[in-house]
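# need a 3D model of the following:
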Amino acid sequence: MPSLGSDAAQPRLHRAPAPGQDTGPEGNERLTAATGAVLLVLFAAEGVTILSLTRLLTWHYFLGFLLVGPVLLKLGSTLYRFTRYYTGAPAYRRKGPPMPLLRLLGPFVVITSVTVVGTGVALGLLGTDDRIGPFPLLLLHKASFVAWAAVMTVHVLAYVWRLPRLIAADLRRRPARHGEPQPGGAPVRWALLAGSIALGLTVALLGAPLASQWAGASHHHDRRVHTGAQHQAG
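Here you go, the predicted model:
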């Protein structure tokens, strides 16, 4: 029978990692959370522009191109964890996989995110008349957005409650209570996030002027329709 002073009789608390112990999963989780928070704000702003594309088309383009950097970082951090877990890295195996539903949704989150951003960029570069196989590019962009919105609703509801804690953990200077693991590398994580935003901003500044081509094409199309209606009336 164990004595009252033994470890078995004490409550099990999270302990700080021993020197040299891999805290990569915690750092990866914090980077993913911070990037997810940025994406949540940017996608929400992008959604607002959809309400009035006629007036906010340039902003729609700007925000769409700005998303490129953070989306790439989010995919990179997620795929890194996936790779480390399935290649048997001990720390990532101890961390464990996401819940079954979220594991099932994971590939769809990746596919729809890449598709909605990719088709949006392609529309800016190629125009609305281009096609991928038998499908108009604009139709693919709209369909991928609907699919993305459905998948991301579940994804966000599952993770959003964790964002404040994970982001705050990297912002505070003092160690957390109860001996929670405090992974190093916070400056590197913030630098990666800032770099992804800088990349997206560069792409956005270069790509946003493409909105003028859409606006011009739309104006020309509306004028042709108006002229055709006048001829028919005459």
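# nearest residue to Ile50 other than its sequence neighbours?
His60 (7.1 Å; C-beta to C-beta, 6 or more residues apart in numbering). In this view, the C-beta of every residue, glycine as well, is placed from N, C-alpha and C.
# phi, psi of that neighbour?
phi -60, psi -40 (degrees, to the nearest 10).
# ok, now Ala89?
phi -60, psi 120.
# try Arg131
phi -140, psi 160.
# leaving out sequence neighbours, find the closest residue to it.
In space, Arg131 is closest to Leu137, 6.1 Å off (C-beta to C-beta, 6+ apart).
# so who does Ile167 touch?
Arg30, Ala33, Ala34, Ala37 (C-beta atoms under 8 Å, 6 or more residues apart in numbering).
# roughly how far is the helix or strand hosting Ala158 from the heart of the chain?
Following DSSP states H and E, the helix or strand that holds Ala158 is helix 137-159. On the basis of C-alpha atoms, centre = their mean, to the nearest Å, helix 137-159 is displaced by 12 Å from the centre of the chain it belongs to.
# so what touches that helix?
33, 36, 40, 43, 99, 101-102, 105, 108-109, 112-113, 115-116, 119-120, 122-123, 126, 128, 130-132.
# do a quick rundown of the strands in the protein.
131-132, 135-136 (DSSP state E).
# and the last one, average pLDDT?
Throughout strand 135-136, pLDDT has a mean value of 84.
# what lines up beside that strand in the sheet?
Strand 135-136 pairs in its sheet with strand 131-132 (antiparallel), by DSSP bridges.
# the strand it pairs with: how far from the chain's middle?
For strand 131-132 - counting by C-alpha atoms, centre = their mean - the centre lies 25 Å from the chain centre.
# got a list of contacts for it?
Leu137, Leu140.
# try it again with 10 Å
Thr119, Ala122, Leu126, Leu137, Leu138, Leu139, Leu140 (C-beta atoms under 10 Å, 6 or more residues apart in numbering).
# let's see if you can find the most crowded of those.
Neighbour counts for those peak at Thr119, which has 22 neighbours (criterion: other C-beta atoms under 10 Å).
# I'd like the distance between that one and Leu206.
As defined by C-beta to C-beta, to the nearest Å, Thr119 lies at a distance of 18 Å from Leu206.
# now the helix holding Ala158: buried residues?
For helix 137-159, the buried set under the neighbour-count rule, 16 or more other C-beta atoms under 10 Å, comprises Leu137, Leu138, Leu140, His141, Ser144, Phe145, Trp148, Val151, Met152, His155, Tyr159.
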